[in-house]
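[1] how would this look folded up:
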Amino acid sequence: MATAAIEDVSRPSLFLALTELPRAMAELGSMPWASPILMQAPKGDGHPVLLLPGFMATEFSMKPLQTYLDKLGYNAFHWELGRNLGPKAIGHNGEHLIARLEQIYAETGRKVSLVGWSLGGTLSRQLSRRRPDMVRQVISLGSPIVGSPKSTNAWRAYQMLTGHNIEDPDVQAQLAESHEVPPVPSTAIFSRQDGVVAWQNSREPKARQTDNIEVKGSHCGLGVNPTVLWAIADRLALPEGEWKPFERGGLKSLIYPSSGH
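    Coordinates of the predicted model:
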């Protein structure tokens with residue numbers, strides 16, 4: 001199993017952090033004109049998709065993505081665990097999140113794709129380790145999945161609001177586990193202009209069933225960025241058991257510059 005090296009990278013610059021809100025608003029404003037193009041994405045097969053919000057966010061932040069996926073023909077579910085405050089939301093051992101996955105699996109009878117934004121993507125990868133038999137694939141959006149949590153502009157707020165000290169042995173063990181490749185196909189979508197999480201730490205380790213898709217945009221706008229939504233639709237449309245890397249040749253290379261490797 002491949003393992004990612006822990007990179008000693010700096011947090012995103014103050015400029016990127018301070019411009020997050022206006023850039024995210026611009027991405028949201030691009031949704032109406034991009035909608036006709038987005039609806040040309042591959043149609044869904046009806047399988048369930050569980051959406052996990054980012055740190056301090058609620059399922060409201062995932063509503064545009066849920067609406068889009070439902071229109072494409074997926075069965076998109078919110079996590080129904082309130083505001084994402086890490087263990088305060090999912091349980092100390094993730095038991096509430098595991099129960100939600102089991103509920104959706106029992107209700108639909110099909111494996112569930114996980115799409116997580118920021119911290120939600122980190123939790124998605126961990127959830128896939130707990131119940132790989134129920135997870136079809138994982139897609140993370142700007143998630144701190146490898147490296148040091150101090151390479152983000154939110155780590156102090158995370159400690160204060162979750163009560164999770166990143167120096168605790170239990171947390172360090174979880175971080176070490178996160179550096180391992182998930183047991184299911186996994187795609188990380190990241191932006192070098194991310195003002196919250198160091199983009200270098202938002203990439204999946206290189207392995208047989210992992211891929212990284214670079215986009216251009218802010219961290220806070222990832223859930224409403226049309227290029228991100230298209231990439232998510234492309235990944236979800238892959239038939240179960242027939243996963244393959246994202247095709248970025250031709251004109252796509254102008255929109256999706258690289259895999260980040």
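
[2] OK, contacts around Met62?
    Met62 makes contact with 51-53, 78, 117, 223 under the criterion CB atoms under 8 Å, 6 or more residues apart in numbering. Placement of C-beta: from N, CA and C, glycine included.

[3] that one: what secondary structure?
    Of the three states, Met62 takes helix under DSSP: H, G, I helix; E, B strand; the rest coil.

[4] what pLDDT does it get?
    Met62 is assigned a predicted lDDT (pLDDT) of 97.

[5] repeat for Ile6
    pLDDT, Ile6: 48.

[6] spit out the contact partners of Leu161.
    With the criterion set at CB under 8 Å, 6+ apart, Leu161 makes contact with 56, 85.

[7] tell me which element Val184 is part of?
    According to DSSP states H and E, Val184 maps onto no helix or strand at all.

[8] typo on my end, Gly116
    Gly116 is located in strand 112-117, with elements delineated by DSSP H and E.

[9] so which other helices or strands are in contact with that strand?
    Under the contact definition 3 or more CB pairs under 8 Å, 6 or more residues apart in numbering; DSSP states H and E, strand 112-117 sits against strand 48-52, helix 95-108, helix 119-130, strand 135-141, helix 226-236.

[10] turn these into CSV, including mean neighbour count, distance to Asn201 and mean pLDDT.
    Compiled in CSV, the helices and strands packed on strand 112-117 are given as follows (neighbours: other CB atoms under 10 Å; distance: least, CB to CB, whole Å; pLDDT from 0 to 100):
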stretch, mean neighbour count, distance to Asn201, mean pLDDT
strand 48-52, 25, 18, 98
helix 95-108, 16, 22, 98
helix 119-130, 24, 10, 96
strand 135-141, 26, 11, 98
helix 226-236, 22, 18, 98
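
[11] now these in CSV, please, with extra columns for distance to Glu167.
    Formatted as CSV, the helices and strands packed on strand 112-117 follow (distance: least, CB to CB, whole Å):
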stretch, distance to Glu167
strand 48-52, 25
helix 95-108, 24
helix 119-130, 17
strand 135-141, 24
helix 226-236, 33
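
[12] these: which one's closest to Pro32?
    The closest of the helices and strands packed on strand 112-117 to Pro32 is helix 226-236. By CB to CB, the value is 10.0 Å.

[13] follow the chain on from the helix or strand bottoming out on mean pLDDT in the chain and name the next helix or strand.
    Least confident helix or strand of the chain, by mean pLDDT, DSSP states H and E, is helix 169-178 with a mean of 75. Using DSSP H and E, the helix or strand that follows helix 169-178 in sequence is strand 186-191.

[14] where does the residue nearest to Ser13 when sequence neighbours are not counted fall, helix, sheet strand or coil?
    Spatially, and ignoring its direct neighbours in sequence, Ser13 is nearest to Gly195 (7.6 Å; CB to CB, 6 or more residues apart in numbering). What three-state DSSP gives for Gly195 is coil.

[15] ok, Gly195 touching Thr19?
    Yes: in this structure, Gly195 is within contact of Thr19 by CB atoms under 8 Å, at 6.6 Å.
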